[in-house]
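[1] any chance you can model this:
(one chain, ligands or ions: 1)
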Amino acid sequence: MVGNWSNLNRRGFRMVGNLLSRQAQSIKGMEAQGQATDRLIVHGEVHLSLNCLHTKNKMASIIHQNIWDTDPELFELMKKEKHRQESGLEMIASENFTSLSVLQCLSSCLHNKYSEGLPGQRYYGGNEYIDEIEILAQKRALEAFRLSPEEWGCNVQPYSGSPANFAVYTGLLEPHGRIMGLDLPDGGHLTHGFFTANKKISATSIFFESMPYKVNPITGLIDYDKLAEEARLFKPKVIIAGISCYSRCLDYKRFREIADENNAYLFSDMAHVSGLVSAGIIPSPFEYSDVVSTTTHKTLRGPRAGVIFFRKGVRSIGKNGEKILYDIESKINQAVFPGLQGGPHNHAIAGIATTMKQAMLPEFIAYQKQIVANAKRLCAGLQKYGYKISTDGTDVHMLLVDLRPNGITGSKAEKILEDISIACNKNTVPGDKSAFNPSGIRLGTPALTTRGLKEEDIDKVVDFIHKGLLLSKEVSAISGPKLIDYKKVLDTDAGIKKKVAELRQQVQEFSVKFSIPGLENRSHHTHDIIVTNRQSIELLSCMGC
Ligand SMILES: Cc1ncc(COP(=O)(O)O)c(C=O)c1O
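    Coordinates of the predicted model:
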């Protein structure tokens, strides 16, 4: 099996890992007796080089040693983070636990390579395999969203979602070109042009002129009519259809009509929902958009990275019947590099390639359906307890709880839930006066669903959240309205501390029952941080990778 490590499944990795540990023990024994050890291990059909093992001779230099030996201080923190991830309920809607395969890409030799430029046109040598990996990632990205290479191309190099979006504007617009995106407090993203009365916050509002559109403060739904009206006045060159906190499907057809009316590009940022789009369970932006961007680490469950898809071919038919072609491919590619970025992160691009392969599997589609089923169950459960959900429900992977009727602020809710090991984020709700004191919390199900939670498990999560929020009211009654006093009560009131600790223990006991890809090993010996991944790193170095 030499050189064929890629065929090992998770169990295989574990078996080989155990084999490596056993062999390491016997090598130590041999070394102690002064016997030569730098030979291949032969065990059944598995032949592994000893380069990866911790021998006295070969591992003298720090660059060959394990992190727990070279930097125990950092390693301790990593272990604590692992424990936090395992023992808590991750409900931040933009987070997920990526797959073991992606973790293996991220910790591979691909990280070492510089490859500025695109496949076939690099500024450095030695990129023959990197080229193949990037081409594979591009091809699979199109396939995962059922796109024809005649009509669409893509760039898989953006380091993440924000650089991807900035590259889109840089490619499509002149400095100070006009954009319209959903306002941040209404569920848009910073990179859709956020600014306040006092400050241009996002670089997308510093270097471009942005005008927000809003949701209806009563229904919480995007006010398309108002967007159309204001677009007529502002005449944007790019209209952005994309959300960070909005629990309903977008009307891409309507966006297209408004864009057409203003001869604007329709740019859809599907970062949050790209997994659902790939699985075909919510409407796709591709039919109506000129450009689509996504992160790959949210519902798509891949590496922390970004992808930009751009149209090719005919954009429109001119007055005399002539074909007007899209000319955005090179503009966007050049905006990514050399405009904004340097060397691509090849380990992440490999992660994108394997994520897109996973996205085409029935298992992935089932996962996406379960995310939505869990979000709907979460929503129904909270509604049963009387909580107000913005837009009265969800079509996707998240929901927004409006806590104004409960007399709790988003910050207080976020804090108490964090104290009981439930991670979520405070969020503005439609009609909020201040973005700095938001009245809601955003809850998402992608990460919990990856850990295997089903609807009946979500019912338990609902109970935990409800108990946490009831406790929040109790704390508030003691502390009064100020967050600082509220935190003080949480830190000092013995009765409250006891209740919080009890609830946290219940949440943690529940949470550890569900595994996390790549972090399954729960034996708490020193090296258990990313055991499977460590073995994979060792295997990769074994195979000369
Ligand atoms: C809609 C949307 N676009 C872009 C981004 C930015 O992604 P990143 O954090 O990877 O820069 C986010 C992040 O949450 C997002 O929600």
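[2] so who does whichever residue of the stretch 51-200 of the chain sits closest to the ligand touch?
    The ligand sits closest to residue 161 of the stretch 51-200 of the chain, with a gap of 2.4 Å, by Cβ to the nearest ligand atom. Heads up, the C-betas are built off the backbone N, CA and C, glycines and all. By Cβ atoms under 8 Å, 6 or more residues apart in numbering, the residues touching residue 161 are 189, 191, 269, 271, 293, 294, 295, 306.
[3] now render those as JSON lines, adding pLDDT and secondary structure.
    Below are the contacts of residue 161 laid out as JSON lines (pLDDT from 0 to 100; DSSP: H, G, I helix; E, B strand; the rest coil):
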{"residue": "189", "pLDDT": "97", "secondary structure": "coil"}
{"residue": "191", "pLDDT": "98", "secondary structure": "helix"}
{"residue": "269", "pLDDT": "98", "secondary structure": "strand"}
{"residue": "271", "pLDDT": "98", "secondary structure": "coil"}
{"residue": "293", "pLDDT": "98", "secondary structure": "strand"}
{"residue": "294", "pLDDT": "98", "secondary structure": "strand"}
{"residue": "295", "pLDDT": "98", "secondary structure": "strand"}
{"residue": "306", "pLDDT": "98", "secondary structure": "strand"}
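[4] tell me which residues in stretch 414-427 are buried?
    414-417, 419-427 (16 or more other Cβ atoms under 10 Å).
[5] and the stretch 1-150 of the chain, which residues reach the ligand?
    Taking Cβ under 6 Å from any ligand atom, the part of the stretch 1-150 of the chain that reaches the ligand is made up of residue 94.
[6] pretty sure residue 267 sits in a strand.
    Yes: applying DSSP: H, G, I helix; E, B strand; the rest coil, one finds residue 267 inside a strand.
[7] specify the beta-bridge partners of it.
    Counting by DSSP bridges, residue 267 forms beta bridges with residue 240, residue 291.
[8] who's in contact with it?
    168, 172, 238, 239, 240, 241, 242, 289, 290, 291, 292, 293.
[9] which of those lies closest to the ligand?
    Using Cβ to the nearest ligand atom, those come closest to the ligand at residue 242, 4.7 Å.
[10] contacts only, for the closest one.
    181-182, 188-189, 192, 250, 267-272, 293.
[11] make TSV from those residues and add distance to the ligand to it.
    Supplementary listing: the contacts of residue 242 in TSV, determined by distance: Cβ to the nearest ligand atom, whole Å:
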residue	distance to the ligand
181	9
182	9
188	8
189	4
192	8
250	11
267	11
268	10
269	5
270	8
271	4
272	5
293	7
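[12] which single one of the residues you listed is nearest to residue 508?
    Of all these, residue 272 has the smallest distance to residue 508: 27.8 Å, by Cβ to Cβ.
[13] the closest one touches residue 398, doesn't it?
    Yes: between residue 272 and residue 398 a contact is recorded at 7.3 Å, counting by Cβ atoms under 8 Å.
[14] which bits of the stretch 201-350 of the chain sit near the ligand?
    So the stretch 201-350 of the chain meets the ligand at 242, 244, 269, 271, 272, 295 (Cβ under 6 Å from any ligand atom).
[15] can you give me the strands in the stretch 301-450 of the chain?
    Shown for the stretch 301-450 of the chain, the strands assigned by DSSP state E, counting those that start in this stretch span residues 306-311, 314-317, 323-325, 388-389, 398-402, 422-423, 425-427, 440-444.
[16] who does the longest one touch, helix- and strand-wise?
    Read it as strand 306-311. helix 128-144, strand 152-155, helix 161-172, strand 291-295, helix 329-334 (3 or more Cβ pairs under 8 Å, 6 or more residues apart in numbering; DSSP states H and E).
[17] cool, the fifth one as well?
    Counting contacts by 3+ Cβ pairs under 8 Å, 6+ apart, the secondary-structure elements packed against strand 398-402 are helix 362-384, strand 388-389, strand 440-444.
[18] pLDDT of the lengthiest helix in the chain, averaged?
    As assigned by DSSP state H, the longest helix anywhere in the chain is helix 455-479. Mean pLDDT, computed over helix 455-479, is 98.
[19] 26 is where my numbering starts, stick with that
    Done: numbering now begins at 26, and the last item shifts to helix 480-504.
[20] next SSE after that helix?
    helix 508-517 (DSSP states H and E).
[21] quick revisit: give the other helices and strands that the longest helix of the chain contacts.
    helix 387-409, helix 435-444, strand 447-448, helix 471-475, helix 508-517, helix 519-536.
[22] which one of the strands of the stretch 326-475 of the chain is the most hemmed in?
    strand 465-469 (a mean of 29; mean count of other Cβ atoms under 10 Å).
[23] residue 201 - how many residues pack around it?
    9 (other Cβ atoms under 10 Å).
[24] helix, strand or coil for residue 270?
    coil.
[25] distance of it from residue 441?
    20 Å (Cβ to Cβ, to the nearest Å).
[26] hang on, the earlier thing: nearest to the ligand, out of the helices and strands packed on helix 480-504?
    Across the helices and strands packed on helix 480-504, closest to the ligand is helix 471-475 (Cβ to the nearest ligand atom), at 12.3 Å.
[27] let me know the pLDDT of residue 66.
    40.
[28] now the helix or strand where residue 106 lies against helix 519-536, angle please.
    Assessed by DSSP H and E, residue 106 sits inside helix 97-112. On the basis of axes from the mean of the first three to the mean of the last three Cα atoms, to 10 degrees, helix 97-112 is oriented at 80 degrees to helix 519-536.
[29] give me the contacts around the next helix or strand along the chain from helix 97-112.
    For helix 97-112, the following helix or strand on the C-terminal side (DSSP H and E) is strand 114-115. Under the contact criterion Cβ under 8 Å, 6+ apart, strand 114-115 has outside partners 122, 446, 447, 448, 472, 473, 486, 489, 532, 535, 536.
[30] please identify which pair of these lies farthest apart.
    Greatest spatial distance in the contacts of strand 114-115: 122 and 489, 19.3 Å, computed using Cβ to Cβ.
[31] re the thing from before, need the overlap of contacts for residue 297 and residue 423.
    residue 118.
[32] quick check: phi and psi at the nearest residue to residue 147 once chain neighbours are set aside.
    Distance criterion Cβ to Cβ, 6 or more residues apart in numbering; nearest residue to residue 147, sequence neighbours excluded, is residue 140 at 5.4 Å. Reported as degrees, to the nearest 10, the phi and psi values for residue 140 are phi -150, psi 50.
[33] ok, residue 236 next?
    Dihedral angles for residue 236 - degrees, to the nearest 10 - are phi -140, psi 120.
[34] so how far is residue 398 from it?
    For residue 236 relative to residue 398 (Cβ to Cβ), the value is 37 Å.
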